[in-house]
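S.K.: need coordinates for the following:
(one chain, ligands or ions: 2)
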Amino acid sequence: MAFKSKYLEKVMKDVINRNPGETEFHQAVSEVLESLEYVVDRHPEYERAGLIERLVEPERVVSFRVPWVDDNGKVHVNRGFRVQFNSAIGPYKGGLRFHPSVYQGIIKFLGFEQIFKNSLTGLPIGGGKGGSDFDPKGKSDNEVMNFCQSFMTELSRHIGADTDVPAGDIGVGAREIGYLFGQYKRLRNEFSGVLTGKGLAYGGSLTRTEATGYGLCYFTEEMLKASGKSFSGATVVISGSGNVAIYAAEKARQLGAKVVTMSDSNGYVYDPDGIDLPLVKQIKEVERKRISEYVKTHPNAKYHEGCEGIWNTKCDIALPCATQNELDAKAAKTLVENGCIAVAEGANMPSTPEAVEYFLKNGVLFGPAKAANAGGVATSALEMSQNSMRLSWSFDEVDAKLKTIMSGIFKKCESAANEYGVPGNYVIGANIAGFKKVADAMMAQGIV
Ligand code: NDP
Ligand code: 2IT
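M.R.: Numbers count the residues shown, from 1 in each chain. Ligands and ions are numbered 1, 2, ... in the order given. Sure, this is the predicted structure:
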């Protein structure tokens, strides 16, 4: 992590010293600051205004106790977070993650990434993220409801339709959003668009469920098209089997590709005939079971324990859609050796910095998370628009807007990369394009 700019070097050092142990947060900041080397040289006014120092310090961090009672009457205590990172261009916006690995460093990395992602969408949303170390796996619906109600009882003090609008992420889907929304409405006596990803019966938007996965494929298709390639006839490896993975697989197939893998945190399935998506939806969305169930009805498919082996599968396109740092340098090398031409990140920060560097050095088309997976939050912003208007758009209307937004994001990444002399480097392109709008707004609003 050697910076040419003394200013950025100092900011990075301070981030490490002031946020001890938050390694994922350090990683996310370091990746953005590396791209900003290109910008700070041209804009000395940023240093005078302490702009980068302010950007890396959340506007507000809320951490709270979440007590809840299980079905046997036993009391549990989890920890809840909401990091309101940056509101320069709109109300804080970003998901909630419920997973045992959650601690402040994870929520801060996600909230920091969200600032630039949300800016890239072109819509008026600031950056935030929240969550808890609660594990919904193996809990009854009643236990999940008890937890969500307790979590919202505190969170409701800090959010609002014009202040901060949470949504889903790992472990938070339609069920959890429903319980959270119900509790907010009850506490505030207010029916508002305070959460997105809501059910269609109570203010949700069509296409939101599909949006991150579909958007990922729209972005990837644009990236492929710019190099004269496409999804058509391609073999695709997808990791994860949650919301993002499932709808990425659905769209990749619609675009003519064959998806051969899906995974969960226990292992992965390889199906040479192409993944049977209705079955995956049944196992994961309806029954909430493990992906290993898949092979019980598909004798041609093979289940492998452990997740790392998934990247040894020969493919043209890889879409990591599970979690952070799931794809390392060794995996990147294997993918390249096996002829992979494109990687686009459905998950947030799934590739390690070394893997990203390897892809870029070896001419792999690389779509970074904050651009490639922005379709989810963009459609959340469309849900907010519909809530404000008290109207609902059709599936096709929202899908068409999503497609336009994703191709707009690709163009922003492409042209920023060209402008700064690194054509094809969409990592630098996304970071700079996302940063600029936020920086302009922060400069205009004074020292706040
Ligand atoms: P889900 O909870 O629906 O699915 C998560 C999937 O990833 C599951 O298959 C899960 O397996 C797997 N997974 C989770 N943690 C790990 C881990 N530590 N190691 C291996 N596999 C793991 O979440 P989403 O699909 O919503 O989110 C997936 C990724 O996409 C995350 O990085 C999220 O931040 C990102 N994202 C989500 C958006 C959204 O709209 N939902 C928008 C943009 C990005 P298991 O069931 O075993 O836990
Ligand atoms: O990482 C993400 O962009 C999300 N989890 C979606 C956030 C949102 O507000 O829809």
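S.K.: where does the residue in the stretch 201-350 of the chain positioned nearest to ligand 1 land on pLDDT?
M.R.: Scanning the stretch 201-350 of the chain for the residue nearest ligand 1 gives residue 242, at 1.7 Å (criterion: Cβ to the nearest ligand atom). (Each C-beta comes from the backbone N, C-alpha and C, glycine too.) As predicted, residue 242 sits at a pLDDT of 98.
S.K.: neighbours around it, how many?
M.R.: Neighbour count for residue 242, taken as other Cβ atoms under 10 Å: 23.
S.K.: you'd agree residue 228 is in a helix?
M.R.: No: remark: residue 228 does not belong to a helix; assigned using DSSP: H, G, I helix; E, B strand; the rest coil, it is coil.
S.K.: residue 380 and residue 166 touch, don't they?
M.R.: No: if you go by Cβ atoms under 8 Å, residue 380 and residue 166 don't touch, sitting 9.5 Å apart.
S.K.: between these two, what contacts are shared?
M.R.: residue 196 (Cβ atoms under 8 Å, 6 or more residues apart in numbering).
S.K.: so residue 325 sits against residue 352, correct?
M.R.: Yes: assessed by Cβ under 8 Å, residue 325 is found in contact with residue 352 at 5.3 Å.
S.K.: counting neighbours, go ahead and name the busier of the two.
M.R.: residue 352 (19 against 16).
S.K.: for the more buried one, give its distance to residue 203.
M.R.: 39 Å (Cβ to Cβ, to the nearest Å).
S.K.: over to residue 423?
M.R.: From residue 423 over to residue 203 (counting by Cβ to Cβ), the distance is 43 Å.
S.K.: which of the two has more neighbours?
M.R.: residue 203 (20 against 12).
S.K.: would you confirm that that one contacts residue 387?
M.R.: Yes: the criterion here is Cβ under 8 Å, and residue 203 meets it with residue 387 at 5.5 Å.
S.K.: for the two, list the residues in contact with both.
M.R.: residue 193.
S.K.: got the confidence number for residue 1?
M.R.: Reading off the model, residue 1 has pLDDT 66.
S.K.: can you check the one 5 residues further on too?
M.R.: Residue 6 is assigned 97 on the pLDDT scale.
S.K.: please apply the same query to residue 38.
M.R.: In this model, residue 38 carries a pLDDT of 88.
S.K.: number the chain from 38, please
M.R.: OK, 38 is where the count begins now, so the last one is residue 75.
S.K.: now it: which helix or strand?
M.R.: Applying DSSP states H and E as the criterion places residue 75 in helix 60-77.
S.K.: what of residue 273?
M.R.: strand 272-276.
S.K.: same thing with residue 98?
M.R.: strand 97-106.
S.K.: one more: residue 341?
M.R.: With DSSP H and E as the test, residue 341 turns up in strand 339-342.
S.K.: what is that strand packed up against?
M.R.: The elements that strand 339-342 packs onto, with contact taken as 3 or more Cβ pairs under 8 Å, 6 or more residues apart in numbering; DSSP states H and E, are strand 304-307.
S.K.: for the helix or strand just after the strand it packs on, buried residues please.
M.R.: Toward the C-terminal end, the helix or strand that comes next after strand 304-307 (DSSP H and E) is helix 314-318. For helix 314-318, burial by neighbour count (16 or more other Cβ atoms under 10 Å) applies to 316-318.
S.K.: likewise stretch 188-195?
M.R.: 188-190, 192-193, 195.
S.K.: and what of stretch 85-103?
M.R.: Quick answer for stretch 85-103 (16+ other Cβ under 10 Å): 86, 88-89, 92-96, 99, 101, 103.
S.K.: where does the chain come near ligand 2, residue by residue?
M.R.: By the rule Cβ under 6 Å from any ligand atom, the part of the chain lying against ligand 2 is 130-132, 154, 204, 206, 233, 385, 413-414, 417.
S.K.: now do the contacts for residue 190.
M.R.: Contacts of residue 190 by Cβ under 8 Å, 6+ apart are 220, 224.
S.K.: remind me which helix or strand it belongs to.
M.R.: helix 178-192.
S.K.: how about that helix, does it reach ligand 1?
M.R.: No: Helix 178-192 is not in contact with ligand 1 by Cβ under 6 Å from any ligand atom; minimum separation 13.0 Å.
S.K.: same question, stretch 196-207
M.R.: Yes: Stretch 196-207 reaches ligand 1 (Cβ under 6 Å from any ligand atom) through 205-207.
S.K.: name the residues of the stretch 288-437 of the chain found near ligand 1, please.
M.R.: So far as Cβ under 6 Å from any ligand atom goes, the stretch 288-437 of the chain lies against ligand 1 at 301-303, 344, 358-360, 363, 383-385, 410, 413.
S.K.: how about JSON lines for the buried residues of stretch 85-103, with pLDDT added?
M.R.: What follows is the buried residues of stretch 85-103, written out as JSON lines (pLDDT from 0 to 100):
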{"residue": "86", "pLDDT": "98"}
{"residue": "88", "pLDDT": "98"}
{"residue": "89", "pLDDT": "98"}
{"residue": "92", "pLDDT": "98"}
{"residue": "93", "pLDDT": "98"}
{"residue": "94", "pLDDT": "98"}
{"residue": "95", "pLDDT": "98"}
{"residue": "96", "pLDDT": "98"}
{"residue": "99", "pLDDT": "98"}
{"residue": "101", "pLDDT": "98"}
{"residue": "103", "pLDDT": "99"}
